[in-house]
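Engineer: Got a predicted structure here, sequence first:
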Amino acid sequence: MSSRNVELVRGGFETLRQGGVEALLPLVHPEFEMTTPANLAAEPDTYRGPEGIRRYFDSFYEAMDEVRFEPGELREVAGRVIAQSTLIARGRATGIEVTQEVVLVWWLKDDKVIRLEVFATLDEALEATQADGAA
């Protein structure tokens, strides 16, 4: 049986898929924070609050026609949800579709995402989550 947190994250992916960024905003905690790491982003940055989520997706749409996240396995570890995911984007000028495998760690508070951490591998995400959960 899936945990409530896993179902909330699954719902977040579905909301983003069906309704886009604006539909996702009610699920974003006002104190939300996400940093895109240098090894996974052309322009690493930190995004805060609902406006940060908008800015994150706006940065994609400057060069991309389509951006979507497809979740794979979701699991709860140390109170966080680890989502193996595929980021899929199609270039605005080229029409070429590119994919990137990422692992997202969702932190939830009051049934909203308050923090999102991005990792290149499941092992990195598990190690960071378990170490943080033990602290």
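Structural biologist: Here it is on my side, so go on.
Engineer: hey, let's count contacts and neighbours off CA atoms from now on
Structural biologist: Fine.
Engineer: List the buried residues in the helix or strand of the chain at the bottom of the mean pLDDT ranking.
Structural biologist: Among the helical and strand segments of the chain, the one scoring lowest on mean pLDDT, DSSP states H and E is helix 122-134, with a mean of 83. The neighbour-count criterion (16 or more other Cα atoms under 10 Å) identifies 122, 125-126, 129 as the buried residues of helix 122-134.
Engineer: dump the residue contacts of residue 48.
Structural biologist: Residues in contact with residue 48 (Cα atoms under 8 Å, 6 or more residues apart in numbering) are 31-34.
Engineer: which of those are buried?
Structural biologist: The neighbour-count test (16+ other Cα under 10 Å) applied to the contacts of residue 48 identifies 32-34 as buried.
Engineer: Dig out what residue 106 forms beta bridges with.
Structural biologist: residue 81, residue 116 (DSSP bridges).
Engineer: go on, residue 88?
Structural biologist: Here residue 88, judged by DSSP bridges, has bridge partners residue 68, residue 99.
Engineer: Tell me who's in contact with it.
Structural biologist: Applying Cα under 8 Å, 6+ apart, we find residue 88 in contact with 66-70, 97-100.
Engineer: ok, 10 Å please
Structural biologist: Counting by Cα atoms under 10 Å, 6 or more residues apart in numbering, residue 88 makes contact with 66-70, 97-101.
Engineer: Can you list the residue ranges for strands in the protein?
Structural biologist: 28-36, 45-48, 64-77, 80-91, 97-109, 112-119 (DSSP state E).
Engineer: wait, which of those is closest to residue 22?
Structural biologist: Taking Cα to Cα as the criterion, residue 22 comes closest to strand 28-36 out of the strands of the chain, the separation being 10.4 Å.
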